[in-house]
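Student: need coordinates for the following:
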Amino acid sequence: MTGAEAPGRCPWCGDDPLYVAYHDTEWGVPERDGRALFEKLVLDGFQAGLAWITILRKRENFRRAFQGFDPEVVARWGENDIARLLADPGIVRHRGKIEATVGNARAWLDLGGAEPFARMMWETVDHAPRQNLPETIAHVPAETPESRDLSKRLKAAGFRFCGPTIVYAVMQATGLVNDHLATCPRAEEVRRLGSVRP
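Tutor: Numbering: from 1, shown residues only. Prediction:
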């Protein structure tokens, strides 16, 4: 299915098949697994200063390089592992972001793992997705009071590369908020998914 076949689709994904598939199957779907939420936070941290499609195209390389984003593995990494990743052309080679990922894995473990991390994320919206359904892209904010609050709490827990704009992108992608445009075919589908309480 191309962008032309679904005229109401959120325009940010354009007609790139990979981007369209991400929009149509993943973006905005409520994610409550703490490991998956950790992965998304890390990848959105790597996106800082880049386009999301750049990260999406490298996502499988990132998963391979970071051992499936297993925090228990990544938290044990040291300088040799950082050097290995800096030499990996399949990922974004940015020392600060790689070091932050190792630190974030340690913070995730210090927090207590998957369940406490997921709870921290979902507490931001009282455990129920916010159904924003904006009319136009212009109505979609870059950050919100909730993302600023969550950013502060994550930083206090030791996480890095988690400013309010990055955090809001994570909230959008993992369904804490439904920012599919009201005209988008996925808006109602994602709203229904969000109505199922865990």
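
Student: give me the element the nearest residue to residue 162 once chain neighbours are set aside is part of.
Tutor: Nearest residue to residue 162 in three dimensions, chain neighbours excluded: residue 154, at 4.4 Å (Cβ to Cβ, 6 or more residues apart in numbering). C-beta: built from backbone N, CA, C; applies to glycine. Assigned by DSSP states H and E, residue 154 falls within helix 145-156.

Student: rewinding a little: the residue nearest to residue 162 - how many residues pack around it?
Tutor: Burial of residue 154 is recorded as 24 neighbouring residues (other Cβ atoms under 10 Å).

Student: wait, it sits on residue 164?
Tutor: No: using Cβ atoms under 8 Å, residue 154 makes no contact with residue 164, being 10.0 Å away.

Student: how close does the residue nearest to residue 162 sit to residue 103?
Tutor: Using Cβ to Cβ, to the nearest Å, we find residue 154 at a distance of 12 Å from residue 103.

Student: tell me who's in contact with residue 158.
Tutor: Listed by Cβ atoms under 8 Å, 6 or more residues apart in numbering, the contact set of residue 158 reads 103, 104, 106, 107, 110.

Student: for it, grab phi and psi.
Tutor: With angles defined as degrees, to the nearest 10, residue 158 sits at phi 100, psi 0.

Student: ok, it to residue 141 distance?
Tutor: Residue 158 is 26 Å from residue 141, by Cβ to Cβ.

Student: likewise residue 155?
Tutor: 20 Å.

Student: now residue 26. Nearest residue, chain neighbours left out?
Tutor: Residue 26's closest residue in space is residue 173 (Cβ to Cβ, 6+ apart), at 7.3 Å.
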